[in-house]
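> Give the three-dimensional model of this entry:
(chains A and B)
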2 protein chains.
Amino acid sequence: MFVKLIVLISVKNSSFLPNRPLKVAILGSSGAVGHELLKILADRDFPISELVLLSSSRSAGKKIIWNEEELITQEVNKNSFINVDLVFASAGSSVSKQWLPVIRDQNALLIDNSSAFRMRDEVPLIVPEVNPESAFNHQGVIANPNCTTILLTLVLAPLNQISTIKRIIVSTYQSASGAGQLAMEELKFLTGQYLDGTPRQSSILPHSLAFNLFLHNSSMLSNNYCEEEMKMVNETRKILNNQDLRISATCVRVPVLRAHSESVNIEFGESIDLLLAKKSLEESNGLRIIEDYDANRFPMPIDVMGRDEIAVGRLRKDLSNPNALELWLCGDQIRKGAALNAVQIAEILLPENHE
Amino acid sequence: MFVKLIVLISVKNSSFLPNRPLKVAILGSSGAVGHELLKILADRDFPISELVLLSSSRSAGKKIIWNEEELITQEVNKNSFINVDLVFASAGSSVSKQWLPVIRDQNALLIDNSSAFRMRDEVPLIVPEVNPESAFNHQGVIANPNCTTILLTLVLAPLNQISTIKRIIVSTYQSASGAGQLAMEELKFLTGQYLDGTPRQSSILPHSLAFNLFLHNSSMLSNNYCEEEMKMVNETRKILNNQDLRISATCVRVPVLRAHSESVNIEFGESIDLLLAKKSLEESNGLRIIEDYDANRFPMPIDVMGRDEIAVGRLRKDLSNPNALELWLCGDQIRKGAALNAVQIAEILLPENHE
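Residues are numbered from 1 along each chain as shown, chains lettered A, B, ... in the order given. A predicted model of the protein is given here:
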């Protein structure tokens, strides 16, 4: 499933993970992404000698069965990272920032799912199918991009190989899972209450998602865009290594449980052959084309829930600009949008994948 | 609520409806739009001497209480339109086409909610706040635009007054109601089944909308756009009277019951002042601004359900083009997107509104 990389660049030995089974810590192990990480590490036979599950004091003491072993989540403390080789963090920016110095002291590699370090020059921001070579330039931290950005760049990268992308206009259809497990539970609960004729207020998300939707609830910035939208703008530029890329985004939360969708308008500097564009997507790792015009069958959230690939379809000429294409994509936000991408980043740095 | 028009153009007397209470027929009275029409005609004291409810044989014989009167839906036949002055049709294109000759024979005016006649040169396509003057050019038929187009043009028209719009890229978030009452019932039923752990296949819509979404299910055309998307393109051009307007649309069905939302990117020939643009929207009939950046509060479907006004907000400069703006809108698809707009068209042609 994951194609091994042929690395042609000169790489410091210190960029690799140790060439032995690793002591791995998961910081934020009780959340939706942490849960998926455990599943993916087992499914992909990631070389683990010891797995340490770390959480806040609130979630500590939970029993979790992993690879037929009973593990207990522990409250993170300054001794949690002793002899750890690799940390996957998905407990939010402040937690990642708080523990980075301790992780560094152990010479462990942090693969961080929060936005804390993504835009720092010295931190690689990696989508393994797009810019794997940048992972080797790490200084102890590699950032996992925002979920919507991972899905978008997976589709943009092959098209950008045909002709440099000039401008992107994207509108998202983001599931409750992006706000965590509790938001997913709230969506189900509030929908049930609505159907029972006893609608209730939300307490996790700012508004009820029951048969409703709203613009993304991340903080508004002074340019009238929200943080989520600016993550798409800034992170996409960094991953595609094109600071001149023009992007505008509208991020919307919809009453879907765990897969994000995106309506994407992509403008090039020249007219692009549609068949060539489709071929480039078909030949890309991590993508699945769902496009049957006769049956009117294109990607849906339920096609990608629990799956690794991003589904893409409805690739077509923009009616309003001969140099632009429109397309539609769906991807599992927890899996490729977070946990799977983080594990794939670690896999790039396993010496066994470069023998 | 509805501002009376000052008509400065020369109008044939025959363009007006008769100057007395009218005999009105509703063709498709048992559907979601028919139901809303009845409510709006009563609420707005539309001058009616007699109301005839027409339906297919399947829906005939239903008792409906309207203005404290018991009415019974009748199967439509060639005698249904005798002495009728005004027909509101919302039973689909084939029904409208079938009965138009009979309606014409009675010199009745047809205000048609289907797409049957919208693009015919001799048929005005009217959004009363946008192009009311064109209503007087009718030859017995006036078309009510597609719901997504009504909402879009209401917002575009005031901006187009500031500077001519060159290009629009729109992605929609369309509710189940656009596919009728049965689709709304199906969404509720399938969502309940999903929550009960017994998910089922859809039978009204092509896929289940329960915590899912999909690209619009109207027929695909040879340009890889669906009919719904091309309605937005062609009808918007006709209503704004600008055949050079460049538009591309992506239409998506989402698990919302009865209000549509749209993410709209609008490009002008020059840079537009944001405050001036916002002022033009604030001063427009039929619009309500919901825009609180501090509270992160913008339009949602639940804000507009059962309401006349289209809610608009998140008006902001496009980050990727200095001549473009982005905005977000929500509108009740059954009300302003269909039934209310049709009644407002008829009101333009009431002599009492021009005394």
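
> Packing partners of the host helix or strand of residue A:302?
Element membership of residue A:302, judged by DSSP states H and E, is helix A:301-304. Here helix A:301-304 touches strand A:259-268, strand A:310-317, strand A:324-332, going by 3 or more C-beta pairs under 8 Å, 6 or more residues apart in numbering or on different chains; DSSP states H and E. No exception for glycine: its C-beta is placed from N, CA and C like everyone else's.

> could I get those strands as TSV with mean pLDDT and mean neighbour count?
As requested, the helices and strands packed on helix A:301-304 are arranged in TSV below (pLDDT from 0 to 100; neighbours: other C-beta atoms under 10 Å in any protein chain shown):
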stretch	mean pLDDT	mean neighbour count
strand A:259-268	98	26
strand A:310-317	98	23
strand A:324-332	98	27
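
> Assign the one residue in the stretch 1-150 of chain A that gets nearest to chain B to helix, strand or coil.
For the stretch 1-150 of chain A, the residue closest to chain B is residue A:148, as judged by C-beta to the nearest C-beta, at 13.8 Å. Following DSSP: H, G, I helix; E, B strand; the rest coil, residue A:148 is assigned to helix.

> how close does it get to residue A:172?
Counting by C-beta to C-beta, to the nearest Å, the separation of residue A:148 from residue A:172 is 5 Å.

> any residues in contact with both of those two?
Common neighbours of residue A:148 and residue A:172 (criterion: C-beta atoms under 8 Å, 6 or more residues apart in numbering or on different chains): A:232, A:249, A:251, A:260, A:262.

> Hmm, the fourth one is touching residue A:338, no?
No - here residue A:260 lies out of contact with residue A:338, judged by C-beta atoms under 8 Å, at a distance of 10.6 Å.

> okay, and the common contacts of the two?
residue A:147.

> which residues of the stretch 151-300 of chain A fall in helices?
A:181-195, A:227-239, A:274-282 (DSSP state H, counting those that start in this stretch).

> From what I see, residue A:220 and residue B:297 are in contact.
No - taking contacts as C-beta under 8 Å, residue A:220 lies outside contact range of residue B:297: 9.9 Å.

> More neighbours: the two, which one.
Neighbours were counted for residue A:220 and for residue B:297 using other C-beta atoms under 10 Å in any protein chain shown; residue A:220 has more, 21 against 17.

> Quick check: the closest residue to that one other than its chain neighbours vs residue A:172, distance?
Spatial nearest neighbour of residue A:220, chain neighbours left out: residue B:293 (4.9 Å); criterion: C-beta to C-beta, 6 or more residues apart in numbering or on different chains. In this view, residue B:293 and residue A:172 are 19 Å apart by C-beta to C-beta.

> Please say which of the two ends up with more neighbours.
residue A:172 (27 against 15).

> What confidence value was assigned to the more buried one?
Here the pLDDT value assigned to residue A:172 is 98.

> That one is in contact with residue A:259, isn't it?
No - assessed by C-beta under 8 Å, residue A:172 is found out of contact with residue A:259, at 11.5 Å.

> Export the helices and strands packed on helix A:301-304 as CSV, with columns for distance to chain B.
Formatted as CSV, the helices and strands packed on helix A:301-304 follow (distance: least, C-beta to the nearest C-beta, whole Å):
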stretch, distance to chain B
strand A:259-268, 4
strand A:310-317, 4
strand A:324-332, 6
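
> So which of the helices of the stretch 151-300 of chain A is the most surrounded?
helix A:227-239 (a mean of 22; mean count of other C-beta atoms under 10 Å in any protein chain shown).

> contact partners of that helix?
Contacts of helix A:227-239 (C-beta under 8 Å, 6+ apart): A:115, A:118-119, A:125-127, A:130-131, A:145-146, A:148-149, A:152-153, A:156, A:168, A:170, A:172, A:174, A:216, A:218-219, A:221, A:223, A:225, A:243, A:245, A:247-251, B:319.

> of these, buried ones?
Listed as buried from the contacts of helix A:227-239 are A:115, A:118, A:125-127, A:130-131, A:145-146, A:148-149, A:152-153, A:156, A:168, A:170, A:172, A:174, A:216, A:218, A:225, A:245, A:247-251, B:319; burial here means 16 or more other C-beta atoms under 10 Å in any protein chain shown.

> Let me see the contact set for residue A:311.
A:287-290, A:299-300, A:303-304, A:329-331.

> measure residue A:38 to residue A:48 for me?
Residue A:38 is 11 Å from residue A:48, by C-beta to C-beta.

> In terms of packing, which of those two has more residues around it?
residue A:38 (20 against 16).

> who's in contact with that one?
Taking C-beta under 8 Å, 6+ apart, one finds A:26, A:29, A:53, A:64, A:66 in contact with residue A:38.

> ok, 7 Å please
A:64, A:66 (C-beta atoms under 7 Å, 6 or more residues apart in numbering or on different chains).

> tell me which element it falls in.
Short version, using DSSP H and E: residue A:38 is in helix A:32-43.

> Got the phi and psi for residue A:296?
As for residue A:296, its main-chain torsions (degrees, to the nearest 10) stand at phi 50, psi 50.

> Equivalent analysis for residue A:101, please.
phi -60, psi -40.

> Can you give me the neighbour number for it?
There are 9 residues near residue A:101, going by other C-beta under 10 Å.

> Distance-wise, check it relative to residue A:140.
10 Å.

> Over to residue A:193?
47 Å.

> Check residue A:263 too.
In terms of C-beta to C-beta, residue A:263 sits 38 Å off from residue A:140.

> what do you get for residue A:159?
33 Å.

> Which one of these two is surrounded by more residues?
residue A:159 (23 against 15).

> Name all residues that make contact with residue A:87.
A:25, A:27, A:81, A:103, A:108, A:110.

> Leaving out the residues flanking it, which one is nearest to the third one?
Leaving aside its chain neighbours, residue A:81 sits nearest to residue A:106 (4.8 Å; criterion: C-beta to C-beta, 6+ apart).

> Which one of the helices and strands packed on helix A:301-304 lies nearest to residue B:277?
Residue B:277 lies closest to strand A:259-268 among the helices and strands packed on helix A:301-304, at 21.2 Å (C-beta to C-beta).

> Return the distance of the closest one from the chain's centre.
With C-alpha atoms, centre = their mean, to the nearest Å as the basis, strand A:259-268 stands 16 Å off its chain's centre.

> again with stretch A:166-180
11 Å.

> can I get the CA coordinates of it in PDB?
Extracted in PDB, the C-alpha atoms of stretch A:166-180 (Å, rounded to 0.1, in the frame of the first residue of the first chain):
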ATOM      1  CA  LYS A 166      -1.400  29.600 -10.000                       C
ATOM      2  CA  ARG A 167      -4.600  29.900  -8.000                       C
ATOM      3  CA  ILE A 168      -6.900  27.700  -5.900                       C
ATOM      4  CA  ILE A 169     -10.500  28.500  -4.600                       C
ATOM      5  CA  VAL A 170     -11.700  25.800  -2.300                       C
ATOM      6  CA  SER A 171     -14.900  25.300  -0.300                       C
ATOM      7  CA  THR A 172     -14.900  22.500   2.300                       C
ATOM      8  CA  TYR A 173     -17.600  20.200   3.700                       C
ATOM      9  CA  GLN A 174     -15.900  19.200   7.000                       C
ATOM     10  CA  SER A 175     -17.200  16.400   9.300                       C
ATOM     11  CA  ALA A 176     -17.700  16.600  13.100                       C
ATOM     12  CA  SER A 177     -14.700  14.400  13.700                       C
ATOM     13  CA  GLY A 178     -12.400  17.400  13.000                       C
ATOM     14  CA  ALA A 179     -13.500  18.700  16.300                       C
ATOM     15  CA  GLY A 180     -12.900  15.400  18.000                       C
END
